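Participant: Give me the fold of what follows.
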Amino acid sequence: MTNREQLIQELEKAPDDLVQMLLDFLHRVQATRKDHPLAKFAGILSDAEAAEIKQSIAECRRVDAKEW
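Facilitator: As a prediction, this is how the structure comes out:
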């Protein structure tokens with residue numbers, strides 16, 4: 001199941017006040033992303049590509065105390 005499908009499934013069970021709160025939040029995020037200078041890059045990576053980059057960053061952050 002995709003994140004979108006799971007979200008829709010959860011929203012169908014959620015009370016109306018929670019749905020309204022989430023909708024308001026989504027609209028604020030969308031408005032912010034339009035104006036952000038990095039917004040054009042949002043969503044260009046697949047989940048697999050993003051996971052690979054995260055793994056690479058995590059590996060770079062490891063410090064070998066014996067090297068110092």
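Participant: can you give me the helices in this structure?
Facilitator: Along the chain, the segments classed as helices by DSSP state H run 3-13, 16-35, 47-61.
Participant: Kindly reformat those as CSV containing distance to E67 and mean neighbour count.
Facilitator: All C-beta atoms are positioned from the backbone trio N, CA, C, and that covers glycine. Shown next, in CSV, are those (distance: least, Cβ to Cβ, whole Å; neighbours: other Cβ atoms under 10 Å):
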stretch, distance to E67, mean neighbour count
helix 3-13, 40, 10
helix 16-35, 40, 10
helix 47-61, 13, 10
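Participant: Redo those as CSV? Include mean pLDDT.
Facilitator: Converted to CSV, those look like this (pLDDT from 0 to 100):
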stretch, mean pLDDT
helix 3-13, 93
helix 16-35, 87
helix 47-61, 89
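Participant: Next, format those as JSON lines and append distance to F41.
Facilitator: Output for the helices of the chain, formatted as JSON lines (distance: least, Cβ to Cβ, whole Å):
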{"stretch": "helix 3-13", "distance to F41": "19"}
{"stretch": "helix 16-35", "distance to F41": "10"}
{"stretch": "helix 47-61", "distance to F41": "12"}
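Participant: Counting neighbours, what do you get for D64?
Facilitator: 6 (other Cβ atoms under 10 Å).
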